[in-house]
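Asker: dropping the sequence and predicted coords here.
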Amino acid sequence: MKPPAFDYADPDTLDGALALLADHGDDAVIIAGGQSLIPLLNLRLARPELVIDLRHIDDLFEVSVDESCLRSGTMVRAADLEEHPSATTIPGLVPALSLIAHSQIRARTTIGGSVAHADPAAELPALLVALDGSVALKSSARGERTVEAADFFLGPLWTAREPDEILTSVTFPRHKGVVAIDEVAMRPGDFALVGVVTAYNVYAGMVADPRIVLFGVAGTPIRVTEAEAALVGAVPSTATFAAAAEKIREHLTPLGDAHASVEYRRNLAAVLVERSLVKNND
Ligand SMILES: Cc1cc2nc3c(=O)[nH]c(=O)nc-3n(C[C@H](O)[C@H](O)[C@H](O)COP(=O)(O)OP(=O)(O)OC[C@H]3O[C@@H](n4cnc5c(N)ncnc54)[C@H](O)[C@@H]3O)c2cc1C
């Protein structure tokens, strides 16, 4: 299929891109890696008058690291961040990147595109929620702002981004404990049927500040606080992890669809949470 006709612009400054976006409003769309947008255009689910390509804006390709976090420019490719020497300093980041689609798709997919697209089954949004990450946005009218990941993802393909804003960077905090990501998909490289990110610290032999974030089960990545509460103050053990998984079975009402029923997703989520916590404790 072919996309509808559109004008194309590839500005070489962020301000230039923001000005175009402000001028054209809802009639313009940003293209990053194009791995999600091009199918939407080809299926004519999007019919923009103008496509604004960010690939010549050098500032959006920077990666910086300090003692607390890694900040990735939004045009950094998933495959490039996966290979970046600092990526391994953020627990969970390289494993999450490696689960996105196939290597060919990761070679085009951008960090900002993955986050802006906000697919409910995507790995990076779930990791950001688990790590208390954040997203930086800029508009020509209001300048820069930062939105916490917990407030950014509002629904399927729906975020707190305003139409005149461009995502400029994504911040992945460095967790001091252990982080694991796991998922089950129909085939390797497919979006997850269910995925989980678990993270926790251990203080004085007990679990502290646990995070259990599920993806592929609702419109956004979700924290299951009942399961987290089962871990707080407990000794990390197979019994503790089984108790957390049981809370998933008691409290989770996932979406059901043609690929997986509600019951299947609920059980799979519980199994993945337990498996992920056990893996973290190895
Ligand atoms: C076969 C296949 C399997 C896939 N499997 C997975 C998977 O397992 N996990 C996963 O997470 N993804 C998966 N994807 C999605 C893929 O990773 C997408 O490329 C990604 O979600 C979007 O990134 P992109 O850079 O290609 O963005 P684009 O397709 O260019 O853009 C996507 C959306 O984000 C907006 N956007 C992009 N960048 C910005 C920005 N800086 N500021 C504002 N808006 C912006 C665009 O306007 C568009 O609406 C898969 C894709 C395919 C084709």
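Answerer: All right, it came through fine.

Asker: what residue of the protein is the furthest out?
Answerer: residue 204 (31.8 Å; Cα atoms, centre = their mean).

Asker: phi and psi next, for that residue.
Answerer: phi 50, psi 40 (degrees, to the nearest 10).

Asker: ok, residue 218 next?
Answerer: phi -150, psi -180.

Asker: residue numbering should commence at 256 henceforth.
Answerer: Got it, the first residue is 256 from now on, which makes the last one we talked about residue 473.

Asker: residues contacting it?
Answerer: The contact partners of residue 473, by Cβ atoms under 8 Å, 6 or more residues apart in numbering, come to 375, 509, 510. C-betas here are computed from N, CA, C, even on glycine.

Asker: ok, the residue farthest from the centre of the chain to the ligand distance?
Answerer: Distance, residue 459 to the ligand, by Cβ to the nearest ligand atom, to the nearest Å: 37 Å.

Asker: how about the strands of the stretch 356-505 of the chain, start to end?
Answerer: 389-394, 398-403, 408-410, 413-414, 421-428, 433-440, 447-458, 461-470, 477-478 (DSSP state E, counting those that start in this stretch).

Asker: beyond the helix or strand where residue 293 lies, next helix or strand please.
Answerer: Element membership of residue 293, judged by DSSP states H and E, is helix 292-297. Using DSSP H and E, the next helix or strand after helix 292-297 towards the C-terminus is strand 305-308.

Asker: so does that next one get close to the ligand?
Answerer: No: Strand 305-308 lies apart from the ligand when judged by Cβ under 6 Å from any ligand atom; the minimum separation is 8.5 Å.

Asker: what comes into contact with that strand?
Answerer: 261-266, 272, 275-276, 279, 282-286, 292, 296.

Asker: keep only these that also lie close to the ligand.
Answerer: 284, 285, 286, 292.

Asker: what distance do you get for residue 339 to the ligand?
Answerer: 17 Å.

Asker: spatially nearest residue to whichever residue of the stretch 306-455 of the chain sits closest to the ligand (excluding sequence neighbours)?
Answerer: Closest residue of the stretch 306-455 of the chain to the ligand, Cβ to the nearest ligand atom: residue 368 (2.2 Å). Excluding its sequence neighbours, the residue lying closest to residue 368 (Cβ to Cβ, 6 or more residues apart in numbering) is residue 287, at 3.6 Å.

Asker: tell me the secondary structure at residue 519.
Answerer: At residue 519 the chain is in helix, as set by DSSP: H, G, I helix; E, B strand; the rest coil.

Asker: give me the pLDDT for it.
Answerer: Listed pLDDT for residue 519 reads 97.

Asker: and the helices in the stretch 256-405 of the chain?
Answerer: Per DSSP state H, counting those that start in this stretch, the stretch 256-405 of the chain carries helices over the ranges 269-279, 292-297, 333-338, 348-353, 358-361, 366-372, 378-386, 404-407.

Asker: what does the chain have sitting close to the ligand?
Answerer: Residues of the chain lying near the ligand (Cβ under 6 Å from any ligand atom): 284-292, 309, 329, 355-356, 360, 363-365, 367-369, 371-372, 374, 377-378, 416, 421-422, 446.

Asker: what subset of these is buried?
Answerer: Buried by 16 or more other Cβ atoms under 10 Å: 284-292, 309, 329, 355-356, 363-365, 367-369, 371-372, 374, 377-378, 416, 421-422, 446, out of those.

Asker: could you chop the protein up by domain?
Answerer: Domains of the chain are assigned by automatic domain parsing as 262-308, 313-428, 433-536.

Asker: quick check: mean pLDDT across the second one?
Answerer: Looking at domain 313-428 alone, the average pLDDT works out to 97.

Asker: do the first one as well
Answerer: For domain 262-308, mean pLDDT rounds to 95.

Asker: how far does it stretch from one end to the other?
Answerer: 11 Å (Cα to Cα, to the nearest Å).

Asker: likewise for the second one?
Answerer: In domain 313-428, first residue to last residue: 23 Å (Cα to Cα).

Asker: starting at the chain centroid, how far to that domain?
Answerer: Relative to its chain's centre, domain 313-428 lies at 7 Å (Cα atoms, centre = their mean, to the nearest Å).
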